[in-house]
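S.K.: Sequence first, predicted model second:
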2 protein chains.
Amino acid sequence: MNAQPVRVLLVDDHPVVRRGLRAIIEELPGVAVVGEAGDGVAALAFLDAAADAVEAAADGTPPGRARPDVVLMDLQMGGGMHGVDATRAIAARPTPPAVLILTTYSTDADILAAVEAGATGYLLKDAPPEELAAAVRAAARGETVLAPTVAARLLGRVRAGRPALSPRESEILRLLAEGLANRQISRRLFISEATVKTHLVHIYDKLDVDSRTAAVAAGLAAGLIRPA
Amino acid sequence: MNAQPVRVLLVDDHPVVRRGLRAIIEELPGVAVVGEAGDGVAALAFLDAAADAVEAAADGTPPGRARPDVVLMDLQMGGGMHGVDATRAIAARPTPPAVLILTTYSTDADILAAVEAGATGYLLKDAPPEELAAAVRAAARGETVLAPTVAARLLGRVRAGRPALSPRESEILRLLAEGLANRQISRRLFISEATVKTHLVHIYDKLDVDSRTAAVAAGLAAGLIRPA
DNA sequence: GCCGCCATCAACCGTTCGGTGGATTCCGGG
DNA sequence: CCCGGAATCCACCGAACGGTTGATGGCGGC
């Protein structure tokens, strides 16, 4: 059963992090790193190449360039493709590997987006190596893995009974965070200023604040919007 | 001259990052990692212990627990002490090691604060290993090291002629980002509401915006305030 | 079918906010 | 010594904002 080791692909734009992950993972028995990628595009290219290689050599699979079972994926990658988009692209493939999100600071919006995109699990980078090891193995078995912190956040959100913002409200909150005035928002969304005000009232209500600036602060704190 | 290797202490709350840094640095000739710390408090404790050890054994310095020449310090560490504070505490010691800031995403405010706190250099985590190696060696020689990206940011800021906010204005901008109204800010700072408004006008002027929310957005974008 | 949620729009009113033009004190540089 | 910047304060005004009430239509669940 342990004849075939779990094959892992690392996707992270920080060389330092890739190096650390490789060091940690390679000392685990039954787990092997088969590749690294610095961004989403490179990750997809690697998967393409691996698929071709498997097709070409139907007999003994070569040690490198092997089709990975688990992809360790960073969100917030500097260059171009966001981790969520990369995850979605990978999950859309014929026989997708498990995608394990591994990120530093998690906004709630990111977690939801990643899960929606097809991620198998969600870990935080400050997790101890043992936790990481267990998560990789679980992901290889097809199980869903949520870091305790992440799970707590999700539960906390549900428990807090925070009524989630509607799609339109989220959109307006985002524009709010860009510093736009009501009229500018109305023009951007092709709706009347009155509608913007109505949405704002609902947003204030749900976030329990009473000004646009406080809504932005609360939205950032709750991870409803990205600072960047 | 190369008899004594450069001794490095790693300070980062992410085990993965520490592992990666250790792997990269330890394969450099003439550089050795003498310790790791998961937060600022642990880093200071390590320096204390190292100082004692040196005092106790005046002859052959033991390989481990040696007083580091360079501290690789992460900013934004989860638990308790911020990297800037840790840097300040280290720089205030009798014979301080060089502190090299190594962080992921750099806000201008962080850079300035770190330099003010006594940091020797500022690197980004997405820097390639070679750059990191060169920086550690330069820091050991007492030189100042700025990552090209960081240097560009600082130059860009100066070139843009952006008049830096006064201390008081920065303070108010921070409170603004928390969503406080003018009256709340005035009470928090024990000044009149009129004064707050005056400061706000100056802030809008300097940031080239015309509303409090836009000022927060601009301040976040320019790295004048921390999202957290 | 009805109820609730979402999204859209409107009118009203009081408050806050932004803009302007002053004023004072303190402090440090030329 | 005088000038400028920073920080403090005041008054006025118009515009933007927040709060309320009310109304319409679509869409999905009970």
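M.R.: Received the coordinates, thanks.
S.K.: can you pull out the strands in chain A?
M.R.: With DSSP state E as the criterion, chain A has strands at A:6-11, A:31-37, A:70-73, A:98-103, A:121-124, A:145-146.
S.K.: would JSON lines of those strands with distance to DNA strand C be doable?
M.R.: Yep, even glycine has a C-beta here, placed from its N, CA and C like the rest. Putting the strands of chain A into JSON lines (distance: least, CB to the nearest atom of the strand, whole Å) gives the following:
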{"stretch": "strand A:6-11", "distance to DNA strand C": "33"}
{"stretch": "strand A:31-37", "distance to DNA strand C": "36"}
{"stretch": "strand A:70-73", "distance to DNA strand C": "29"}
{"stretch": "strand A:98-103", "distance to DNA strand C": "27"}
{"stretch": "strand A:121-124", "distance to DNA strand C": "25"}
{"stretch": "strand A:145-146", "distance to DNA strand C": "25"}
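S.K.: So A:Ser211 sits against B:Glu178, correct?
M.R.: No - using CB atoms under 8 Å, A:Ser211 is not in contact with B:Glu178; the gap is 11.0 Å.
S.K.: just the residues of chain A that are near DNA strand C, which are they?
M.R.: Residues of chain A lying close to DNA strand C by CB under 7 Å from any atom of the strand are A:163, A:166-169, A:186, A:189, A:191-192, A:194-195, A:197-199, A:211.
S.K.: Tell me the spacing between A:Met77 and DNA strand D.
M.R.: To DNA strand D, A:Met77 is 34 Å away according to CB to the nearest atom of the strand, to the nearest Å.
S.K.: for A:Pro97, same thing?
M.R.: Distance check for A:Pro97 against DNA strand D: by CB to the nearest atom of the strand, it reads 32 Å.
S.K.: ditto for A:His82
M.R.: In terms of CB to the nearest atom of the strand, A:His82 sits 29 Å off from DNA strand D.
S.K.: got it, and A:Lys206?
M.R.: A:Lys206 is 12 Å from DNA strand D, by CB to the nearest atom of the strand.
S.K.: Show the pLDDT at the spatially closest residue to A:Asp110 that is not a sequence neighbour.
M.R.: Once flanking residues are discounted, A:Asp110 sits nearest to A:Leu75: 5.6 Å by CB to CB, 6 or more residues apart in numbering or on different chains. Per-residue confidence (pLDDT) for A:Leu75: 84.
S.K.: A:Leu75: neighbouring residues, count only.
M.R.: A:Leu75 has 23 neighbours, counted by other CB atoms under 10 Å in any protein chain shown.
S.K.: Next, it: phi, psi?
M.R.: phi -90, psi -170 (degrees, to the nearest 10).
S.K.: which ones are touching it?
M.R.: A:82-84, A:101, A:103, A:110, A:114 (CB atoms under 8 Å, 6 or more residues apart in numbering or on different chains).
S.K.: which of those residues lies closest to chain B?
M.R.: A:Thr103 (10.9 Å; CB to the nearest CB).
S.K.: what separates the closest residue to the closest one other than its chain neighbours from A:Gly179, distance-wise?
M.R.: Spatial nearest neighbour of A:Thr103, chain neighbours left out: A:Leu75 (4.2 Å); criterion: CB to CB, 6+ apart. Per CB to CB, to the nearest Å, A:Leu75 is found 25 Å from A:Gly179.
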